[in-house]
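*Asks:* 3D, please:
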Amino acid sequence: MKPRAILTAKTHPVLKELLVSKGYEVEDSPQVSYEELGEKISFCTGLIVTTRLKIDRSLLERATRLQWIGRLGSGMELIDTGYAESRGIRCESSPEGNRNAVAEQALGMLLSLMHKIHSAADEVRHGKWNREDNRGRELRGKTVGIIGYGNTGSQFARLLAPFEVTVFAADKYKFGYASGYIREASVEQIARYADVISLHLPLTEETRHFANDSFFRQLEKKPWFINTSRGKVHDTAALLRALGSGKISGVALDVLENEKLETYTDLERDQISRLLADKRVLVTPHIAGYSHEAFEAMARILIQKLEI
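*Replies:* The predicted model follows:
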């Protein structure tokens, strides 16, 4: 009997090809529901997931044959990895595959904000030719604060090298990575000195609403604020208050606290409307790590790391 793997999300074709070449029977079910997966998982040897489904203990208790879980991209917050590993189920992710895509998007969004590219282009589209109000700021010579110095945070720092910036990087769990223009720093130092702050944090109980009212009140240089990690790492209400009070110069978000727009409450609709109406805000639909190149690289790296 062949081992069986279920793909619970849209994947690059190479992933299925690699699994088949290794003797797997592959079920491609990118729209499978949590309930449907619960009915199938007892026959499953391997599971490929993204952020669409929660792989919790209740589901894993039914996974009597499961040997591995592969997470495309970064972040394992929706997988009960502790329970899975206690059952001998190997859990791997592939942040190496999309770290450059995320870093490039963070840089692109930052430059667009600082030079008012997105808002100026929108004005021209609506018949306005306004040079003076769209005068931008250069990144060169600024201090960039990076909070979370893992795969994407460190890659973002590398991409900043040609801009002659100073990088203050803070990571509670890493040390000894300072080199050249990159300095190890505390969050407090970033709040005091940074002209730009970019979050590259996993979502945990410790990081949930990391960027809250207390965080924004500490900021001294009116920085541009970027979040390409997880939406719940920032508090949207606090972010809007920081914009309104002038504590930040602009906001680039590739992630939102709730990315299912059709489920929004009145409060959430009001918040997103206020964000989108502000020229200092740039929002994209969680696409930073979703480039064509990353889509394939994540698949190849994941199979390699699983060693199946």
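
*Asks:* surely residue 10 and residue 31 touch.
*Replies:* No. Look at residue 10 against residue 31 with C-beta atoms under 8 Å: they stay out of range, at 9.1 Å. Where you see a C-beta, it was placed from the backbone N, CA and C, and this is true even at glycine.

*Asks:* just give the closest residue to residue 109, not the sequence neighbours.
*Replies:* residue 252 (3.7 Å; C-beta to C-beta, 6 or more residues apart in numbering).

*Asks:* tell me the bridge partners for that neighbour.
*Replies:* Beta-bridge pairing of residue 252 under DSSP bridges involves residue 226, residue 282.

*Asks:* what about it, how many residues nearby?
*Replies:* By other C-beta atoms under 10 Å, 27 other residues sit near residue 252.

*Asks:* okay, it: pLDDT?
*Replies:* Residue 252 carries a pLDDT score of 98 in this model.

*Asks:* ramachandran angles for residue 55?
*Replies:* Here is the backbone geometry of residue 55 (degrees, to the nearest 10): phi -100, psi 90.

*Asks:* what sits against it?
*Replies:* 47, 49, 69, 78, 79, 80, 84 (C-beta atoms under 8 Å, 6 or more residues apart in numbering).

*Asks:* and if we set it to 7 Å?
*Replies:* 49, 69, 78, 79, 80 (C-beta atoms under 7 Å, 6 or more residues apart in numbering).

*Asks:* for the last one, give me the pLDDT.
*Replies:* Which is residue 80. Confidence score, pLDDT, at residue 80: 96.

*Asks:* from here on, count from 4
*Replies:* Okay, using 4 as the starting number, the last item reads as residue 83.

*Asks:* how far away is it from residue 90?
*Replies:* 10 Å (C-beta to C-beta, to the nearest Å).

*Asks:* and for those two, which residues touch both?
*Replies:* Common contact partners of residue 83 and residue 90 (C-beta under 7 Å, 6+ apart): residue 63.

*Asks:* which one of residue 13 and residue 34 has more residues nearby?
*Replies:* Neighbour totals were compared for residue 13 and residue 34, and residue 13 leads with 12 against 9 (other C-beta under 10 Å).

*Asks:* show me the contacts for the nearest residue to that one once chain neighbours are set aside.
*Replies:* Among residues not flanking residue 13 along the chain, residue 33 sits closest, at 4.6 Å (C-beta to C-beta, 6+ apart). By C-beta under 7 Å, 6+ apart, residue 33 lies in contact with 10, 11, 12, 13.

*Asks:* same check on residue 210?
*Replies:* Counting by C-beta under 7 Å, 6+ apart, residue 210 makes contact with 204, 236.

*Asks:* same check, this time on the one 5 residues further on
*Replies:* Residues counted as contacts of residue 215 (C-beta under 7 Å, 6+ apart) are 238, 241.

*Asks:* out of the contacts of residue 33, who's nearest residue 190?
*Replies:* Proximity of the contacts of residue 33 to residue 190 (C-beta to C-beta) peaks at residue 12, which lies at 33.4 Å.

*Asks:* tell me if I am right that the closest one is in a helix.
*Replies:* No. Counting by DSSP: H, G, I helix; E, B strand; the rest coil, residue 12 falls outside a helix, being coil.

*Asks:* looking at it, it is touching residue 53, isn't it?
*Replies:* Yes. The pair residue 12 / residue 53 is scored as a contact, 4.1 Å apart, by C-beta atoms under 7 Å.

*Asks:* check the contact lists of the two and give me the overlap.
*Replies:* residue 75.

*Asks:* for the residue nearest to residue 26 when sequence neighbours are not counted, which three-state class applies?
*Replies:* Distance criterion C-beta to C-beta, 6+ apart; nearest residue to residue 26, sequence neighbours excluded, is residue 5 at 6.1 Å. Under three-state DSSP, the three-state class of residue 5 is coil.

*Asks:* what's the burial count for residue 5?
*Replies:* There are 10 residues near residue 5, going by other C-beta under 10 Å.

*Asks:* confidence score at it?
*Replies:* pLDDT recorded at residue 5 is 91.

*Asks:* mind listing what it touches?
*Replies:* 26, 27, 28.

*Asks:* again, only using 10 Å
*Replies:* Residue 5 makes contact with 23, 26, 27, 28, 29, 48, according to C-beta atoms under 10 Å, 6 or more residues apart in numbering.

*Asks:* same question for residue 96.
*Replies:* 52, 72-79, 82, 84, 154, 301, 304-305, 308.

*Asks:* quick one, grab the pLDDT at the closest residue to it other than its chain neighbours.
*Replies:* Excluding the flanking residues, the one nearest residue 96 by C-beta to C-beta, 6+ apart is residue 74, at 4.0 Å. The model reports residue 74 with a pLDDT of 96.

*Asks:* got a list of what residue 74 touches?
*Replies:* 50-54, 58, 80-82, 84, 94-98, 301, 305 are the contacts of residue 74 under C-beta under 10 Å, 6+ apart.
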